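K.L.:
Just the structure for this:
(chains A, B and C)
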Amino acid sequence: MPELPEVETIRRALAHNLSGLRVVAVRGRSISMRRPLEVETLGEILPGRRFLEPRRHGKYLLLDTDPPGALLVHLGMSGRLMLVGPEVAVLPHTHITLVLENGYELRFVDPRRFGHMTWLDPGAESGDPSLAGLGREPLDDAIDTWLPPMLKRRRGPIKTLLLDQRVVAGIGNIYAAEALWRAGIRPTRPGRHISLERLALLAREVRRVLIEAIEQGGTTIRDFATPDGDFGYFAVRLRVYGRQGQPCPECATVLRAKVIGGRTTAFCAHCQR
DNA sequence: CCAGTATCCTGCAGGC
DNA sequence: TGCCTGCAGGATACTG
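P.N.:
Have a look, this model is predicted:
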């Protein structure tokens, strides 16, 4: 579900409403996830710690604490965080609840269990398997200088390269499709067969679409919501994602879809070459 | 080494 | 109405 703009939207909400609060208790049940969720371990570590300003790298959230350490959160496809009062009904698939000193609860809900929540001791970040090797941030305004050479060097369809978190961190299926449409590039085209000029344009479109999506609070397709329950409004601005069979907003050619890198990708065969 | 596929899991939409 | 299939915003292990 959540790509960079959604995770950033969550981060901002938490910066506002979670920073400064202390954990008083941890509730939940350990469950097998992509990385094991050790509720007992978190129950020993977290109580007494205060949340600082959260950080984000790609689709990962880093909830720094004092005393030092960080809760690493990835939301996978269906994960969400809720920051709510105890009177709010507990959703199915709520795997862990952090009770805060003000009575509010930070809940990690993830039906499909592709996400995870892991504790990182100080210094463990650089050696963490999820974080090590993560690419640079696409919001960087110099992206059009460093991304094109990387795309040029790798093999495979440009769409697959954009989704590779080691190349650039945070792009998922929605924004890859949108950026490629904006840049007029066919998702199947091998990255190394695209000129540096067009790749620079693509890099700028990647950055632009992510920034616009953040401004709209992310994209709610089905169930994305901030910890406070707000939805994202970028869905109305999607031009190709999920719109196969409908006319291209630019030229009215019927949009097609093709599976690339195991993911359905919509594109306009006329505008994207 | 590379690219492509299978897999983890639940929920939901669509077809019959 | 109900059953079945396929697909979903991600990441990674495996196959050939």
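K.L.:
all strands of chain A, in order?
P.N.:
In chain A, strands defined by DSSP state E lie at A:23-28, A:50-51, A:55-57, A:60-66, A:70-74, A:80-84, A:94-100, A:105-109, A:116-120, A:256-260, A:263-267, listed in chain order.
K.L.:
surely A:Val167 meets A:Lys152?
P.N.:
No - if you go by C-beta atoms under 8 Å, A:Val167 and A:Lys152 don't touch, sitting 11.2 Å apart. From N, CA and C alone the C-beta is placed, and that goes for glycine too.
K.L.:
who touches whatever residue of the stretch 151-273 of chain A ends up closest to DNA strand B in this structure?
P.N.:
Closest contact between the stretch 151-273 of chain A and DNA strand B, by C-beta to the nearest atom of the strand, is at A:Arg155 (2.3 Å). When contacts are counted by C-beta atoms under 8 Å, 6 or more residues apart in numbering, A:Arg155 touches A:190-192.
K.L.:
what do you get for A:Glu125?
P.N.:
A:62, A:70, A:131.
K.L.:
which of those residues has the most neighbours?
P.N.:
Of all the contacts of A:Glu125, A:Ala70 has the most neighbours under the rule other C-beta atoms under 10 Å, reaching 22 neighbours.
K.L.:
Wait, that residue touches A:Asp64, no?
P.N.:
Yes - here A:Ala70 reaches A:Asp64: they are 4.8 Å apart, a contact under C-beta under 8 Å.
K.L.:
what touches both of the two?
P.N.:
Listed as contacting both A:Ala70 and A:Asp64 by C-beta under 8 Å, 6+ apart are A:Arg55.
K.L.:
Neighbour count for A:Val167 and A:Lys152, which is higher?
P.N.:
In this comparison of A:Val167 against A:Lys152, neighbours counted by other C-beta under 10 Å, the higher total goes to A:Val167 at 20 against 15.
K.L.:
Quick check on the more buried one: phi, psi?
P.N.:
Dihedral pair for A:Val167: phi -80, psi -50, per degrees, to the nearest 10.
K.L.:
pLDDT wise, what is the closest residue to it other than its chain neighbours at?
P.N.:
With C-beta to C-beta, 6 or more residues apart in numbering as the measure, A:Gly135 is the residue that lies nearest to A:Val167, at 5.0 Å, once sequence neighbours are left out. Looking at A:Gly135, its pLDDT stands at 95.
K.L.:
Next: A:Glu38.
P.N.:
At A:Glu38, the pLDDT recorded in the model is 80.
K.L.:
So which of the contacts of A:Glu125 sits lowest on pLDDT?
P.N.:
The lowest pLDDT within the contacts of A:Glu125 belongs to A:Leu131, with 93.
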